[in-house]
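>>> Fold the following, please.
(one chain, ligands or ions: 2)
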Amino acid sequence: MLFYFTKMGIVAGQQNSNLEPQPEQTFVKNGFNSSEHHKEKPLNNGSFAAVAPSLDTVQQVDIRHSEFRRASQSKSERWTLRTPTKRDIVARLERVSAEDGLRLKQCCSAFRVLTCGEHTLRSYPTFRCKKLFCPDCAAERANRLSRQTEAKITEAMQTNKGRLCLLTLTMKNAATLDDGLSNLKKAFTQFKRKKAFKERIKGYFGGFEYTFNPKTNDFHIHLHLIVLRGKFWNQSDISDAWRDVTGDSFIVDIREIKDAGKSVKEVCKYVVKSNDLMKMPDEKFLEVVKMKKGTRMFISGGCFYNVKLDEDADGADDIFSQFADLTEGDPCPFCKQELFDVFVDRQQHIGLHELNVMPNVVKNNSS
Ligand SMILES: [Zn+2]
Ligand SMILES: [Zn+2]
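Numbers count the residues shown, from 1 in each chain. Ligands and ions are numbered 1, 2, ... in the order given. This next block holds a predicted model:
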């Protein structure tokens, strides 16, 4: 296997952007640099102390990854931008429902990271709220879903010929989220029973998304589907068929997909955007917050029936998803050193989160 990085690490109390490329960093292309100079360094300051008491005994993990610094920084910036958004949602939620606010605040405030000291393999938040409006949980959910989906699409398309299209079905605005969602679900159930649908759509999967219009004080709910289309189906016929089942809604869109990976990410991405959430008046905001747990926001069928979201997943941010079974005490698959857990706070985790780019590097360069 070829690798283009040697060490990654959490530098306690430092932000990623403070890291300068280190002269001793060599990018080893066959196997890992086995130098152990980073081991047994003391914790360089007390910043871990705020996370968990057990951290007194944890050795500092020295992580640097200048190779990915450029990519990382832009992602880092996005995280930094997202952080105040979550903070805003927390502040607002604490005002209307103290208990929910606390849960959201604690979600992803600390992480447990599985590492050998040199390689970082998994990271889990110590607590995840799993709320659909939580930016952190929505991102994790979308990542997990799009990661799992790619292989399933490829598999289904080996035996089913057709073109991948993005189909969007929209409904007239609804005063409440519950009504809007159940109406859309009912309409889609009828829609997929139609002869034209059955003849043309071999498989579909996708998610419900909603936006909020502050002027009219109502929700716009729509369904984004990735479909495998056999026979051509033009937009105006789809529109007629959709009006047929909804009675009053006819705005639809179908387009061929050029970049499947990107489209999958799009449909998996957001249930609601944070911006929209912040625009809602308190009663609508509460409606979103109190939405029934387990409300299904993702559907699939036909030859894509097995594209599903695993609702019981542990919510780990698997840096290398192929090592999802590893735990403390196992040998590191790269260097055979024993794996152990460290705890880091949110800020320190930002540096790690970016390392999600690595599976591609591993995949593309394995020999
Ligand atoms: Zn959350
Ligand atoms: Zn290792």
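
>>> So the closest residue to Cys116 other than its chain neighbours versus Ala324, what's the distance?
Nearest in space to Cys116, with sequence neighbours left out and distances taken as Cβ to Cβ, 6 or more residues apart in numbering, is Cys332 at 3.6 Å. C-beta here means a position set from N, CA and C on the backbone, and glycine is covered the same way. Between Cys332 and Ala324 the computed distance is 15 Å (Cβ to Cβ, to the nearest Å).

>>> who in the stretch 251-367 of the chain is up against ligand 1?
Within the stretch 251-367 of the chain, no position lies close to ligand 1 (Cβ under 5 Å from the ion).

>>> Residue ranges in the stretch 251-367 of the chain under the pLDDT threshold?
310-322, 350-367 (pLDDT under 70).

>>> check contacts around the residue of it found nearest ligand 2.
In the stretch 251-367 of the chain, the residue that lies nearest ligand 2 is Cys332 (3.1 Å; Cβ to the ion). For Cys332, the contact set (Cβ atoms under 8 Å, 6 or more residues apart in numbering) comprises 116, 118-119, 121, 338-339.

>>> for Ile299, phi and psi?
phi -130, psi 160 (degrees, to the nearest 10).

>>> Wait, it touches Phe205, no?
Yes. Counting by Cβ atoms under 8 Å, Ile299 does reach Phe205; the two are 6.8 Å apart.

>>> more neighbours, those two?
Phe205 (29 against 21; other Cβ atoms under 10 Å).

>>> What lies in contact with the host helix or strand of Glu99?
Using DSSP states H and E, Glu99 sits in helix 98-106. Under the contact criterion Cβ under 8 Å, 6+ apart, helix 98-106 has outside partners 86, 89-91, 93-95, 127, 129, 131, 134, 289.

>>> Check which helices and strands the next helix-or-strand element following it sits against.
For helix 98-106, the following helix or strand on the C-terminal side (DSSP H and E) is strand 110-115. For strand 110-115, the packing partners by 3 or more Cβ pairs under 8 Å, 6 or more residues apart in numbering; DSSP states H and E come out as strand 120-125, strand 340-345, helix 346-353.

>>> repeat that with 10 Å
Other helices and strands packing on strand 110-115, by 3 or more Cβ pairs under 10 Å, 6 or more residues apart in numbering; DSSP states H and E, are strand 120-125, strand 317-318, strand 340-345, helix 346-353.

>>> Reformat the ones you listed as CSV; add mean neighbour count.
Putting the helices and strands packed on strand 110-115 into CSV (neighbours: other Cβ atoms under 10 Å) gives the following:
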stretch, mean neighbour count
strand 120-125, 22
strand 317-318, 23
strand 340-345, 20
helix 346-353, 21
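
>>> export the ones you listed to a markdown table and tack on distance to Cys268?
Shown next, in a markdown table, are those (distance: least, Cβ to Cβ, whole Å):
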| stretch | distance to Cys268 |
| --- | --- |
| strand 120-125 | 19 |
| strand 317-318 | 15 |
| strand 340-345 | 27 |
| helix 346-353 | 18 |
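
>>> wait, which of the ones you listed is closest to Glu328?
Each of these has some distance to Glu328 by Cβ to Cβ; the shortest is strand 340-345, at 5.3 Å.

>>> Setting aside sequence neighbours, what's the nearest residue to Lys192?
Lys192 sits nearest to Gly301 (Cβ to Cβ, 6+ apart), 6.8 Å away.

>>> Just checking: what are the partner strands of the host helix or strand of the one you found?
Using DSSP H and E, the secondary-structure element containing Gly301 is strand 298-302. Under the criterion DSSP bridges, strand 298-302 sits next to strand 201-213 (antiparallel) in its sheet.

>>> Return the set of buried residues in the partner strand.
Neighbour-count burial for strand 201-213, with 16 or more other Cβ atoms under 10 Å as criterion, is recorded at 201-210, 212.

>>> Kindly report the residues of the stretch 251-367 of the chain close to ligand 2.
332, 334-335.

>>> picking up where we left off before, find residues that contact each of Ile299 and Phe205.
225, 305, 307-309 (Cβ atoms under 10 Å, 6 or more residues apart in numbering).

>>> With secondary structure, neighbour count and distance to Arg163 as extra columns, can I get the residues you listed in JSON lines?
Compiled in JSON lines, the shared contacts of Ile299 and Phe205 are given as follows (DSSP: H, G, I helix; E, B strand; the rest coil; neighbours: other Cβ atoms under 10 Å; distance: Cβ to Cβ, whole Å):
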{"residue": "Leu225", "secondary structure": "strand", "neighbour count": "23", "distance to Arg163": "14"}
{"residue": "Tyr305", "secondary structure": "coil", "neighbour count": "14", "distance to Arg163": "19"}
{"residue": "Val307", "secondary structure": "coil", "neighbour count": "27", "distance to Arg163": "17"}
{"residue": "Lys308", "secondary structure": "coil", "neighbour count": "15", "distance to Arg163": "23"}
{"residue": "Leu309", "secondary structure": "coil", "neighbour count": "20", "distance to Arg163": "24"}
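
>>> This completes my enquiry, with thanks.
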